[in-house]
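K.L.:
I'd like to go over a predicted model; first the sequence, then the structure.
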Amino acid sequence: MQAADAASAAGAGTTAAAPYRLRIVGGLAGISQYVRQEEPFWTKELSRLSAGRFQAEIVPFDRAGVPGAEMLRLLQLGVVPFGTTLMSSFTAQYPEYTAPDLAGLNPDLATLKTTLAAFRPYLEKALREQHGVEALAIYVYPAQVVFCKKPLRTLAELTGRRVRVSSASQADFVGALGGVPVLTSFSQIVPSLTAGNTECAITGTMSGNMLGLPALTTHVHTLPVTWGLAVFGANQAAWAALPPDLRTLLKRELPRLEAAIWAESERETADGLACNRGAPTCNAGTKGSMVVVPVSPQDERSRQEILESTVLPRWVQRCGARCAQVWNQTIGPVRGLQAAPAK
């Protein structure tokens, strides 16, 4: 493992320290979080902030040949010293870590912030003690919403429709509405809709726009089914081996990067919807002519009922009694929702 390149001599008779270089594995390629925030921070800002002493190169994990589900293990082993891992990729092995973004739990970004704040101390401690990973920042992606080919007035009308989902809790949510969840990777959303394998898809408001969904679908519902959280973490040994002033700089600047990414996600959620409907305020996307379906009182009731009766109990079933305990000590009290132990 080489977290950084050693300093080298430059010129005859003089020695000048070469920049200390970090290798970073970032988030999903091609989307705003990476292009407008992560990549510029590591490739430009770090050097500027350190007057050229520290530099970094970054590659998105999905172009680095790193399977998302393996990232936590690769961080633990030090194969990837510094990397971004999608929290949804923990579903199979570590379902307890997916608690803050269960389907239907966070109807807006402000709620997600309070949910995560309640859970974060547990998550950071668990990653450090059980995996040897230092969680340095937690990023958020824009709202994941429902796009459909046919008219949709309420979520209840998903009954019988085949809906692309990307996680177990999204599948639970869609199933409880009477829909048929179809687990599909991001890259297969368009082929699946085109071939008729799915009639609707849950994805980001702007990522859906960039995929060209306004040409394939007619309606987009505004309820955030989930958001999408990602942890930027460091292998503990790699973190400890950094020059102390670099650790200090990152401890100061990474929370700022995190805040910028959260602000961008909020802007992009709104901009994605504006672009999908073809509003004059559309900024970063392509103008479509979709019908944007607002959240009705019935939708809000459905969200709460499905969270309580289906999503949370099924998460506890997959996760075990310890997860009910973790929930009841962290998120439960701030959301007024207790988890019953798995039966």
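P.N.:
Noted; the coordinates are in hand.

K.L.:
every contact and neighbour count from this point should use C-alpha atoms.
P.N.:
Noted.

K.L.:
residues of the lengthiest helix in the chain that come out buried?
P.N.:
For the chain, the helix that runs over the most residues, judged by DSSP state H, is helix 244-277. Of all the residues in helix 244-277, those buried under the rule 16 or more other C-alpha atoms under 10 Å are 246, 253-254, 257-262, 264-266, 268-277.

K.L.:
so for it, mean pLDDT?
P.N.:
Helix 244-277 carries an average pLDDT of 97.

K.L.:
from the contact counts, what lies against it?
P.N.:
Packing contacts for helix 244-277, counted by 3 or more C-alpha pairs under 8 Å, 6 or more residues apart in numbering; DSSP states H and E, involve strand 133-140, helix 205-211, strand 291-293.

K.L.:
give me the distance from the shortest one to the chain's centre.
P.N.:
What that stands for is strand 291-293. Here strand 291-293 is found 24 Å from its chain centre; the criterion is C-alpha atoms, centre = their mean, to the nearest Å.

K.L.:
what is that strand packed up against?
P.N.:
In terms of contact count using 3+ C-alpha pairs under 8 Å, 6+ apart, strand 291-293 is assigned the packing partners strand 219-226, helix 244-277.

K.L.:
measure how the longest one sits relative to strand 133-140, angle-wise.
P.N.:
Same thing as helix 244-277. Counting by axes from the mean of the first three to the mean of the last three C-alpha atoms, to 10 degrees, helix 244-277 lies at 30 degrees to strand 133-140.

K.L.:
about what we covered before: ok, which of the helices and strands packed on strand 291-293 comes nearest residue 295?
P.N.:
When the helices and strands packed on strand 291-293 are compared for distance to residue 295 using C-alpha to C-alpha, the nearest one is strand 219-226, at 5.9 Å.

K.L.:
for that closest one, packing partners?
P.N.:
Looks like strand 219-226 contacts strand 144-148, strand 291-293 (3+ C-alpha pairs under 8 Å, 6+ apart).

K.L.:
what packs against the first one?
P.N.:
It stands for strand 144-148. When contacts are defined as 3+ C-alpha pairs under 8 Å, 6+ apart, strand 144-148 sits against strand 200-204, strand 219-226.

K.L.:
which of those strands sits most buried?
P.N.:
The highest mean neighbour count among those, using mean count of other C-alpha atoms under 10 Å, belongs to strand 200-204: a mean of 28.

K.L.:
what lies in contact with it?
P.N.:
The contact list for strand 200-204 (C-alpha atoms under 8 Å, 6 or more residues apart in numbering) reads 141-149, 161-166, 189, 193, 217, 225, 227, 269, 272.

K.L.:
same check, this time on stretch 333-343
P.N.:
Stretch 333-343 is contacted by residues 114-115, 118, 308, 312-313, 316-317, 320-321, 324-325, 327-328, 332 when judged by C-alpha under 8 Å, 6+ apart.

K.L.:
list the buried residues for it?
P.N.:
Applying a neighbour-count criterion of 16+ other C-alpha under 10 Å, the buried positions in stretch 333-343 are 338, 339, 340, 342.

K.L.:
check stretch 275-291 too.
P.N.:
Of the residues in stretch 275-291, those buried by neighbour count under the rule 16+ other C-alpha under 10 Å are 275, 276, 277, 278, 282, 285, 286, 287, 288, 289, 290, 291.

K.L.:
now do the end-to-end distance for it.
P.N.:
11 Å (C-alpha to C-alpha, to the nearest Å).

K.L.:
quick revisit: least confident of the helices and strands packed on helix 244-277, on average?
P.N.:
Out of the helices and strands packed on helix 244-277, the stretch the model trusts least by mean pLDDT is helix 205-211, with a mean of 93.

K.L.:
same for it, what does it pack against?
P.N.:
For helix 205-211, where contacts count as 3+ C-alpha pairs under 8 Å, 6+ apart, the packed elements are helix 244-277.

K.L.:
how far out from the middle of the chain is the helix it packs on?
P.N.:
The gap between where helix 244-277 is centred and where its chain is centred comes out at 12 Å by C-alpha atoms, centre = their mean.

K.L.:
re earlier: save the helices and strands packed on strand 291-293 as CSV, and put in distance to residue 38 too.
P.N.:
Formatted as CSV, the entries for the helices and strands packed on strand 291-293 read as follows, by distance: least, C-alpha to C-alpha, whole Å:
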stretch, distance to residue 38
strand 219-226, 22
helix 244-277, 8
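
K.L.:
which one of those lies nearest to residue 234?
P.N.:
Residue 234 lies closest, by C-alpha to C-alpha, to one member of the helices and strands packed on strand 291-293: helix 244-277, at 11.1 Å.

K.L.:
angle of that closest one against strand 219-226?
P.N.:
150 degrees.

K.L.:
low pLDDT regions in the stretch 1-150 of the chain?
P.N.:
When residues are selected by pLDDT under 70, those of the stretch 1-150 of the chain lie in 1-17.

K.L.:
same thing but at 80, please
P.N.:
Across the stretch 1-150 of the chain, the stretches falling below the confidence threshold (pLDDT under 80) are 1-17, 67-68.
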